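Colleague: here you go, sequence then predicted model.
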Amino acid sequence: MNTPDIQLRPATPADLPAINQVIEAAVMTWDLPERVKRLSLPSYRYDAIDLRHLILLVAESPTAGIIGVAAWEGAAAKDCPPGRTALLLHGLYVDPAAQGQGVGSRLLTAAEGAARRARVDGLLVKAQADATGFFARHGMVALPADEPSNQYGRRYWKPLRDSGDDVTGQPPADSD
């Protein structure tokens, strides 16, 4: 899964049509009814206003153009584990033709680096059901919904600073 020819760079307003094409292609592969995908798709697209509030990073291939995008912002305290700070990975999308080639991993690593530079405790994502395995394979752990009516059901957390306590609600592993 080596992608040396893929470059990561900040998104520009001119990138938005290509970014939204990647998002549409990725969303259309999700295991959801076609109508649900079609109706929800506008809420996943980014526009110029989003560039003011989110950090968008694109993965670009010299031959295929933009093939992936990640977006993040500071996470609201109510979404984080108690007493923790985080960056919220707002979206991570890879063109289906480029999936399985390490593009998503590189974008996730870049988001983790941004969280470290921001000196927050971790990286948080509200994952779409089809993506939970990807995040789990990359060391993110599922968080319990403390308030199921107010919290997204598939929140994943990656601690980036050791605090010595477990935020998942799971009992500690035996240290035999």
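Modeller: Alright, I've got the coordinates.
Colleague: now the spatially closest residue to residue 156 that is not a sequence neighbour: how far from residue 17?
Modeller: Once flanking residues are discounted, residue 156 sits nearest to residue 140: 3.9 Å by Cβ to Cβ, 6 or more residues apart in numbering. Glycine gets a C-beta too; all of them are placed from N, C-alpha and C. Distance of residue 140 to residue 17, given as Cβ to Cβ, to the nearest Å: 30 Å.
Colleague: the more surrounded of these two?
Modeller: residue 140 (23 against 9; other Cβ atoms under 10 Å).
Colleague: OK, contacts around the more buried one?
Modeller: Residues near residue 140 by Cβ atoms under 8 Å, 6 or more residues apart in numbering: 123, 125, 156-158.
Colleague: ok, back up a step: can you give me phi and psi for the residue nearest to residue 156?
Modeller: phi -90, psi 150 (degrees, to the nearest 10).
Colleague: over to residue 100?
Modeller: phi 80, psi 10.
Colleague: what of residue 124?
Modeller: The phi/psi pair for residue 124 (degrees, to the nearest 10) is phi -120, psi 140.
Colleague: spatially, what comes nearest to it if we skip its sequence neighbours?
Modeller: Here the residue nearest residue 124, using Cβ to Cβ, 6+ apart, is residue 86, at 4.2 Å.
Colleague: point out where the protein drops to low pLDDT.
Modeller: Low-confidence segments of the chain, defined by pLDDT under 70: 1-4, 145-153, 162-176.
Colleague: now do the longest helix anywhere in the chain: distance to the chain's middle.
Modeller: Using DSSP state H, we find that the single longest helix of the chain is helix 103-117. Distance, stretch centre to chain centre, for helix 103-117: 9 Å (Cα atoms, centre = their mean, to the nearest Å).
Colleague: residues making contact with that helix?
Modeller: 1, 3, 6, 8, 55, 57, 59, 67-70, 72, 86-87, 89, 92, 94, 122-123, 134, 138, 158, 160.
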